[in-house]
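Undergrad: Below: sequence and its predicted model.
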Amino acid sequence: MKTLEECRDGIDAIDNKILELLNQRMVVVKRVGEIKKDSKSAIYRPEREKAIIERLTLQSVNDKGLLNQDAIEAIFLEIFAVSRNLELPERIAYLGPEGSFTHQAAESRFGAMSDYMPMRSISHVFKELETKRAKFGVVPIENSRDGVVGETLDLLAKSSVKIVAELYMPIHMSFVTKAKKISDITKIYSRDKGFGQCREFLQEHNLSNVELIPVESTAKAAILASKDDSAAAICSHIAAKLYNVPTMFDHVEDSIGSQTRFFILSDFKNEKSYDDKTSILVRLKDSVKAGSLVHFLQDFEHESINLSKIESRPSKEKGGFEYWFFIDFYGHVDDEKFQKVLQKHKEEVTWLGSYVKGEEIEV
Ligand SMILES: C=C(O[C@@H]1C=C(C(=O)O)C=C[C@H]1O)C(=O)O
């Protein structure tokens, strides 16, 4: 049996090799960056990253390795993010403030090294992209409990910005405080919704009578709790980390968790990954005429294209009740099947993006 010293020597030798290999990888990545620059193509290629993760997961299973898909993803998404930064450092605008769940979602894709810009509103994120001050934007699109984020849909309808990826993230709340004991806590900060989502936890720990102070974001709650030893915050994991407030309890939300779907926005078209989703906006000529939506959807059925979502929004263009439809379907804009549908409805359909299908999370 090896001693601790021997194990550590072994780890050091392996780490040296990993670093050497990573540096070799980065030399190749830089060359890829040059090729892309010459051909003016996109740096971020989610379909390629997905293929790498799948290949490595399979290899790990075949090798009977200890790393499963989640572990491989955690390591390699960070390697990809560092690689992309080396190809071309790119700025990422997200719905802030720092420490928001959108920040957490952005970091999960773009890693710890990227240049992040917290924005005051979703429309500010779009503006940063439109003026090319940021290459990527990260915004929430829907929450499994609260429903769709209307502002994101409305802005997608108006803007030329494209969806290049989606990701689902479980929304877990942490109870964080600098207090030594729970009984030292006299006030708790969070967003209005934050308290609502953690009612059972507050009751169980006799905290219902402690002063509950709603603030505009859970990140703000973490900042306030970081400055007061008798205060606590209910906030995201990333906010607690960012503002150095120790976590007393994790996952304090009531039993049914929620997940949020985020879009990553940019200005390019992805290639097919053959496991794609596409989002379109449909402005039917006669949206109020009976059967016009049904006829439109029948064209999808005819081509065996499966829809994953349909959402109606008031068009806001005319005073009356005119509706637009946001539709997500399985497939890529370049699929022949969809092109056939598009031929029939060219004037009514706006393509919003085709992207690798994200994994929904069991909550
Ligand atoms: C290196 C590339 O660029 C990016 C980085 C990748 C990587 O680190 O493997 C993969 C895909 C791209 O998002 C590439 O396209 O191959």
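TA: Okay, I see it.
Undergrad: which stretches of the chain form helices?
TA: Counting by DSSP state H, the chain has helices at residues 4-38, 46-62, 69-87, 101-110, 122-130, 150-158, 192-197, 199-204, 218-226, 237-242, 292-302, 336-344.
Undergrad: Could I get those helices in a markdown table, plus columns for mean neighbour count, distance to K272 and mean pLDDT?
TA: Where you see a C-beta, it was placed from the backbone N, CA and C, and this is true even at glycine. Output for the helices of the chain, formatted as a markdown table (neighbours: other C-beta atoms under 10 Å; distance: least, C-beta to C-beta, whole Å; pLDDT from 0 to 100):
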| stretch | mean neighbour count | distance to K272 | mean pLDDT |
| --- | --- | --- | --- |
| helix 4-38 | 11 | 18 | 97 |
| helix 46-62 | 15 | 7 | 97 |
| helix 69-87 | 17 | 19 | 95 |
| helix 101-110 | 23 | 20 | 93 |
| helix 122-130 | 20 | 23 | 97 |
| helix 150-158 | 18 | 21 | 94 |
| helix 192-197 | 16 | 38 | 82 |
| helix 199-204 | 14 | 45 | 92 |
| helix 218-226 | 24 | 38 | 94 |
| helix 237-242 | 21 | 33 | 91 |
| helix 292-302 | 14 | 18 | 92 |
| helix 336-344 | 13 | 11 | 95 |
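Undergrad: Kindly reformat these as a markdown table and extend each row with distance to I264.
TA: Converted to a markdown table, the helices of the chain look like this (distance: least, C-beta to C-beta, whole Å):
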| stretch | distance to I264 |
| --- | --- |
| helix 4-38 | 18 |
| helix 46-62 | 8 |
| helix 69-87 | 12 |
| helix 101-110 | 6 |
| helix 122-130 | 11 |
| helix 150-158 | 12 |
| helix 192-197 | 24 |
| helix 199-204 | 32 |
| helix 218-226 | 20 |
| helix 237-242 | 17 |
| helix 292-302 | 25 |
| helix 336-344 | 21 |
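Undergrad: can you map out the strands along the stretch 251-363 of the chain?
TA: 258-266, 276-282, 307-314, 323-330, 349-356 (DSSP state E, counting those that start in this stretch).
Undergrad: what packs against the shortest one?
TA: Which is strand 276-282. Counting contacts by 3 or more C-beta pairs under 8 Å, 6 or more residues apart in numbering; DSSP states H and E, strand 276-282 packs against helix 150-158, strand 323-330, strand 349-356.
Undergrad: Identify the residues contacting the first one?
TA: The contact list for helix 150-158 (C-beta atoms under 8 Å, 6 or more residues apart in numbering) reads 121-123, 126, 139-141, 161, 163, 263, 279, 281, 311, 313, 316, 324, 326, 350, 352.
Undergrad: Give me the angle between it and strand 323-330.
TA: 90 degrees (axes from the mean of the first three to the mean of the last three C-alpha atoms, to 10 degrees).
Undergrad: and the angle for helix 150-158 with helix 122-130?
TA: Relative orientation of helix 150-158 versus helix 122-130 (the same axes, to 10 degrees): 30 degrees.
Undergrad: Pull the distance from helix 150-158 to the chain's centre.
TA: Centroid displacement of helix 150-158 relative to its chain, using C-alpha atoms, centre = their mean, to the nearest Å, is 17 Å.
Undergrad: Same check on the second one?
TA: On the basis of C-alpha atoms, centre = their mean, the separation between the geometric centre of strand 323-330 and that of its chain is 20 Å.
Undergrad: Against which helices or strands is that strand packed?
TA: helix 150-158, strand 276-282, strand 307-314.
Undergrad: Which one of these lies nearest to E130?
TA: helix 150-158 (10.0 Å; C-beta to C-beta).
Undergrad: Can you give me every residue that contacts whichever residue of the chain sits closest to the ligand?
TA: Closest residue of the chain to the ligand, C-beta to the nearest ligand atom: S83 (3.3 Å). Counting by C-beta under 8 Å, 6+ apart, S83 touches R25, M26, V29.
Undergrad: which of the residues you listed lies closest to Y274?
TA: Closest to Y274, out of all of the contacts of S83 and judged by C-beta to C-beta, is V29, at 24.3 Å.
Undergrad: Look up the closest residue to the closest one, ignoring the ones flanking it.
TA: Nearest residue to V29, sequence neighbours excluded (C-beta to C-beta, 6 or more residues apart in numbering): S83, at 4.3 Å.
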